[in-house]
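Engineer: The sequence isn't on hand, but the structure is:
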């Protein structure tokens, strides 16, 4: 009897030891799985995390919406940020921000410095078109002969002094040759979802749109064709170019892309999984670019998008 009891206790100890080892193994696998999940989700540990979370954001905006970035051509450390309630200003390249204008419905969807007169700045948005001729100290409203002032798309020509471009929401492309006082119809062949326009030094026009991607015109905007080779997404939220035209950046719902051949072909930057809604390019250094995610994180790169951080 003693021998049977001894064997029973030995068997019980073996079973208990095996059960413990099984539990330890399950815990180990679980921990490894959690670590792998966090790493694969960009370190956030949240479903839908993006690679952008691996990079250090230099700032996070808490505004209700996110619209525009523009570097001051006279001082590349000065950057303006536009949203539905006004303007913010940075004097350290985007690291810190102060409110410049805080007014309801002062909608800065576009901020454009005049390439020929950098003290002149335009702000265009929902029923808004303002002009400053003293670097933003004072603003005056423009009342042009456009069919609408719902201006999601607004830009300036680097070639022809005084020439501006505008696409009233859901309408056509218009141009002005007198700094926004009067406007003429250029083309009705532009997407309703247009949100940004740039002109390159060779006269090429590029339009970004949420519904048709990137369109290109080589005849002053009369006709347009798709120009999105290398971009595997449909929606474009912002296009910005350096004044020399050597680098053009496009913000998409799958990251920031760059073109070095005038918008003909595109490649992803390292910020490839973030939903980029706003882009700004330093006019003095096209390798310095700012990008804002739809969550409000501001990322900065000084090497053309290869790395991001401070």
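Structural biologist: Done, it's in. Quick caveat: nothing in here was measured; it's all calculated off a predicted structure.
Engineer: Now do residue 309: how many residues are near it, please.
Structural biologist: When neighbours are counted by other C-beta atoms under 10 Å, residue 309 registers 11. From N, CA and C alone the C-beta is placed, and that goes for glycine too.
Engineer: Figure out the helix or strand that it lives in.
Structural biologist: Per DSSP states H and E: residue 309 is located in neither a helix nor a strand.
Engineer: Give the full set of residues in contact with it.
Structural biologist: By C-beta atoms under 8 Å, 6 or more residues apart in numbering, residue 309 lies in contact with 55-56, 58, 299-300.
Engineer: I'd like those written out as CSV, with neighbour count and distance to residue 278 added.
Structural biologist: Listed next are those as CSV, based on neighbours: other C-beta atoms under 10 Å; distance: C-beta to C-beta, whole Å:
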residue, neighbour count, distance to residue 278
55, 21, 16
56, 12, 18
58, 19, 14
299, 25, 11
300, 23, 13
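Engineer: Which single one of those is nearest to residue 74?
Structural biologist: Using C-beta to C-beta, residue 300 comes nearest to residue 74 of the contacts of residue 309, at 19.9 Å.
Engineer: what sits against the closest residue to residue 163 other than its chain neighbours?
Structural biologist: Among residues not flanking residue 163 along the chain, residue 157 sits closest, at 3.8 Å (C-beta to C-beta, 6 or more residues apart in numbering). By C-beta under 8 Å, 6+ apart, the contact list for residue 157 reads 115, 163-165, 199.
Engineer: Determine the number of other residues adjacent to residue 139.
Structural biologist: 16.
Engineer: contacting residues for it?
Structural biologist: 101, 123, 130-132.
Engineer: Let's see that with 7 Å instead.
Structural biologist: Each residue near residue 139 by C-beta atoms under 7 Å, 6 or more residues apart in numbering is listed here: 130-132.
Engineer: what do you get for residue 174?
Structural biologist: 146, 166, 183-186.
Engineer: What subset of the residues you listed is buried?
Structural biologist: Neighbour counting with 16 or more other C-beta atoms under 10 Å marks 146, 166, 183, 186 as buried within those.
Engineer: Please narrow those residues to those residing in strands.
Structural biologist: Using DSSP state E, 166, 186 are the members of those that sit in strands.
Engineer: Of the buried ones among the contacts of residue 174, just say which sits nearest to residue 84.
Structural biologist: So of those, ranked by how close each gets to residue 84 (C-beta to C-beta), first place is residue 166, at 18.7 Å.
Engineer: how near is the closest one to residue 291?
Structural biologist: Per C-beta to C-beta, to the nearest Å, residue 166 is found 24 Å from residue 291.
Engineer: try residue 109
Structural biologist: From residue 109 over to residue 291 the distance is 17 Å, taken as C-beta to C-beta.
Engineer: so the residue most central in space within the chain bridges to which residues?
Structural biologist: By C-alpha atoms, centre = their mean, the chain has its centre lying nearest to residue 278, at 2.7 Å. Counting by DSSP bridges, residue 278 forms beta bridges with residue 292.
Engineer: okay, the contacts of residue 157 in TSV with secondary structure and distance to residue 231 next?
Structural biologist: Putting the contacts of residue 157 into TSV (DSSP: H, G, I helix; E, B strand; the rest coil; distance: C-beta to C-beta, whole Å) gives the following:
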residue	secondary structure	distance to residue 231
115	coil	27
163	coil	28
164	strand	27
165	strand	22
199	strand	20
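Engineer: Who wins on neighbours among the residues you listed?
Structural biologist: Greatest neighbour count in the contacts of residue 157, by other C-beta under 10 Å, goes to residue 164: 25 neighbours.
Engineer: pretty sure that one contacts residue 178?
Structural biologist: No: with contacts counted by C-beta atoms under 7 Å, residue 164 stays clear of residue 178, the gap being 8.9 Å.
Engineer: Any chance of CSV for the contacts of residue 174, columns distance to residue 139 and pLDDT?
Structural biologist: Below are the contacts of residue 174 laid out as CSV (distance: C-beta to C-beta, whole Å; pLDDT from 0 to 100):
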residue, distance to residue 139, pLDDT
146, 18, 96
166, 18, 98
183, 20, 97
184, 25, 97
185, 27, 98
186, 27, 98
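Engineer: Fine by me, thanks again.
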